[in-house]
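*Asks:* Starting from these lines, generate the structure:
(chains A, B, C and D)
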4 protein chains.
Amino acid sequence: MAIVQVSITPIGTGNPSISHYVAACHEILRGHPEVKWQLTPMGTIIEGDLARVLEIIALMHEAPFAKGAVRVSTLIKIDDRRDKLATMEAKVRAVEDKF
Amino acid sequence: MAIVQVSITPIGTGNPSISHYVAACHEILRGHPEVKWQLTPMGTIIEGDLARVLEIIALMHEAPFAKGAVRVSTLIKIDDRRDKLATMEAKVRAVEDKF
Amino acid sequence: MAIVQVSITPIGTGNPSISHYVAACHEILRGHPEVKWQLTPMGTIIEGDLARVLEIIALMHEAPFAKGAVRVSTLIKIDDRRDKLATMEAKVRAVEDKF
Amino acid sequence: MAIVQVSITPIGTGNPSISHYVAACHEILRGHPEVKWQLTPMGTIIEGDLARVLEIIALMHEAPFAKGAVRVSTLIKIDDRRDKLATMEAKVRAVEDKF
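*Replies:* This is a model prediction of the structure:
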């Protein structure tokens, strides 16, 4: 189980608003109930089997091209911890519990 | 007003659990009510005047050193939009409204 | 053809020097002559078929675990342009030619 | 002394080629000989006093707006090591020496 943040940005689309491209990426993600996810103002965080998460991200990365973008910049950050089960919820709680 | 994600990671601390370092960074942030923020499983998202946010992040980046770390890796992603007021809440809503 | 930067960082290893982990990742990469790459002070940049590059990065990400790390943070940035052939060399030249 | 990678990307400019914006950022950087830098296909790596480097990056981030962009995405990765002098050159050599 890994926790992975992804943000997918089309470049050169002629409009600084890109939320419909982001929504197209999300539609792909919503078709994969085998992973948990959370939408944030700076990207989407996905929790699940790493290989599976990377496969889904590869599909999400195609979505802006399908909507007409010709250049896409995708940032992926993987946090992969194998000494204990890490979850999105536990990571946030570990910090908040210290206040 | 910019929206900025930051994640601060000490390297080589001898323990894969680093939430007490993250909490030390957050203590700095909590001392600055002039910015809004949101803790996520993969970093903290801050909304505010860009110069002010970068100053606060520079202070947060020092916190792990103050707790004994000797190497710190900090990732900062700035989304700075000037044609309209962008907020953390509006960015998420713009995507969610499409479902 | 995409251009992809990757940096792979073990967390909690007890020593701030991590170059032998990075070298283990590179050994994997050097076994894949179907992609071009360039080592920089802040990561490795790989040029090639995107699906193939992501497969290789997934293998590289395993290398620190094989050397004993229990937590690995991996940052991947994809620049995927499909309106023309983009290469590492051409991207640098496009900027340098303006001086 | 820190080593910092920055990449600055205008969003919504109407053209997937953005190297003239990148060149405008570089013009700022070239006016600051107190830091060392290296242009790579995926960003610019800067070595110098961290506070100074962040000031220069804040100026670079303004350059695309000055050229007409209304939204700019800037990614900054700081590697700050204080137990020994880290340089761009030494980081690459530490990996290459293992082959």
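
*Asks:* What strands flank the longest strand seen in chain A, and is each parallel or antiparallel?
*Replies:* Ranked by residue count and defined by DSSP state E, the top strand of chain A is strand A:71-81. Partners of strand A:71-81 in the sheet, by DSSP bridges, are strand A:2-10 (antiparallel), strand C:71-81 (antiparallel).

*Asks:* right, and the helix or strand after it?
*Replies:* As assigned by DSSP states H and E, the chain's next helix or strand after strand A:71-81 is helix A:88-96.

*Asks:* Might you calculate how far that following helix sits from the centre of the chain?
*Replies:* 18 Å (C-alpha atoms, centre = their mean, to the nearest Å).

*Asks:* quick one: is that helix near chain C?
*Replies:* No. Applying C-beta under 8 Å from any C-beta of the partner chain, one finds helix A:88-96 separated from chain C by no less than 11.7 Å. For glycine as for every other residue, the C-beta is placed from the backbone atoms N, C-alpha and C.

*Asks:* Identify all contacting residues around stretch A:14-29.
*Replies:* With contact meaning C-beta atoms under 8 Å, 6 or more residues apart in numbering or on different chains, stretch A:14-29 is reached by A:8-10, A:13, A:35, A:37, A:39, A:44, A:46, A:56, A:59-61, A:63-64, A:66-67, A:69, B:81, B:83, B:91, B:94-95, B:98-99, D:11-14, D:70-71.

*Asks:* Emit the ChimeraX select command for whichever of those are buried.
*Replies:* Of the contacts of stretch A:14-29, the buried ones go into a single ChimeraX selection, burial set by 16 or more other C-beta atoms under 10 Å in any protein chain shown:
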select /A:8,9,10,13,35,37,44,46,56,60,61,63,64,69 /B:81,91,94,95 /D:11,12,13,70,71
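
*Asks:* how much does the longest strand of chain A deviate in direction from helix A:88-96?
*Replies:* Going by axes from the mean of the first three to the mean of the last three C-alpha atoms, to 10 degrees, strand A:71-81 is angled at 70 degrees with respect to helix A:88-96.

*Asks:* pull the CA atoms of strand A:71-81 into CSV?
*Replies:* As requested, C-alpha coordinates have been extracted for strand A:71-81 and formatted as CSV (Å, rounded to 0.1, in the frame of the first residue of the first chain):
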residue,chain,number,x,y,z
ARG,A,71,1.3,18.9,-23.9
VAL,A,72,0.7,17.6,-20.4
SER,A,73,2.8,18.0,-17.3
THR,A,74,2.2,15.4,-14.7
LEU,A,75,3.7,15.5,-11.2
ILE,A,76,3.7,12.3,-9.1
LYS,A,77,4.9,11.9,-5.5
ILE,A,78,5.0,8.4,-4.0
ASP,A,79,5.3,7.8,-0.3
ASP,A,80,5.9,4.0,0.0
ARG,A,81,6.3,2.7,3.5
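
*Asks:* rounded to a whole number, what's the mean pLDDT of that strand?
*Replies:* Strand A:71-81 shows a mean pLDDT of 98.

*Asks:* same deal with stretch A:25-37?
*Replies:* pLDDT averaged over stretch A:25-37 gives 97.

*Asks:* what's the straight distance from one end of that stretch to the other?
*Replies:* End-to-end distance for stretch A:25-37: 13 Å, by C-alpha to C-alpha, to the nearest Å.

*Asks:* roughly how far out does that stretch sit from the chain middle?
*Replies:* Taking mean C-alpha positions (C-alpha atoms, centre = their mean), stretch A:25-37 and its chain are 9 Å apart.

*Asks:* so what's A:Asp79 bridging to?
*Replies:* A:Ile3, C:Ser73.

*Asks:* pretty sure it contacts A:Met88?
*Replies:* No. Proximity of A:Asp79 to A:Met88 does not meet the contact threshold set by C-beta atoms under 8 Å, at 9.8 Å.

*Asks:* of these two, who's got more company?
*Replies:* Neighbour totals were compared for A:Asp79 and A:Met88, and A:Asp79 leads with 22 against 18 (other C-beta atoms under 10 Å in any protein chain shown).

*Asks:* quick one: that one from C:Thr44, how far?
*Replies:* Distance of A:Asp79 to C:Thr44, given as C-beta to C-beta, to the nearest Å: 19 Å.

*Asks:* Then A:Val4?
*Replies:* Separation of A:Val4 from C:Thr44 (C-beta to C-beta): 19 Å.

*Asks:* OK, contacts around the nearest residue to A:Arg81 once chain neighbours are set aside?
*Replies:* Leaving aside its chain neighbours, A:Arg81 sits nearest to C:Arg71 (4.3 Å; criterion: C-beta to C-beta, 6 or more residues apart in numbering or on different chains). By C-beta under 8 Å, 6+ apart, the residues touching C:Arg71 are A:79-83, B:16, C:10-12.

*Asks:* on that earlier part again, from the chain's centroid, how far away is the longest strand of chain A?
*Replies:* 8 Å.

*Asks:* And for stretch A:56-72?
*Replies:* Using C-alpha atoms, centre = their mean, the offset of stretch A:56-72 from its chain centre is 13 Å.

*Asks:* Stretch A:47-60 now?
*Replies:* 9 Å.

*Asks:* in it, what counts as buried?
*Replies:* A:47-48, A:50, A:53-54, A:56-58, A:60.

*Asks:* farthest-separated two in the residues you listed?
*Replies:* Largest separation among the buried residues of stretch A:47-60 by C-beta to C-beta: A:Glu47 and A:Ala58, giving 17.4 Å.

*Asks:* ok, residues contacting the helix or strand containing A:Ile45?
*Replies:* Secondary structure assignment for A:Ile45, by DSSP H and E: strand A:43-48. Residues outside strand A:43-48 that contact it (C-beta under 8 Å, 6+ apart): A:1-7, A:25-26, A:29, A:34-38, A:53, A:56-57, A:75, A:87-88, B:5, B:40-42.

*Asks:* now could you export just the CA positions of it as PDB?
*Replies:* Taking Å, rounded to 0.1, in the frame of the first residue of the first chain, the C-alpha atoms of strand A:43-48 are listed here in PDB:
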ATOM      1  CA  GLY A  43      -3.800  17.500  -6.700                       C
ATOM      2  CA  THR A  44      -5.300  14.200  -5.900                       C
ATOM      3  CA  ILE A  45      -4.000  11.800  -3.300                       C
ATOM      4  CA  ILE A  46      -4.500   8.100  -4.000                       C
ATOM      5  CA  GLU A  47      -4.000   5.200  -1.600                       C
ATOM      6  CA  GLY A  48      -3.600   1.600  -2.800                       C
END
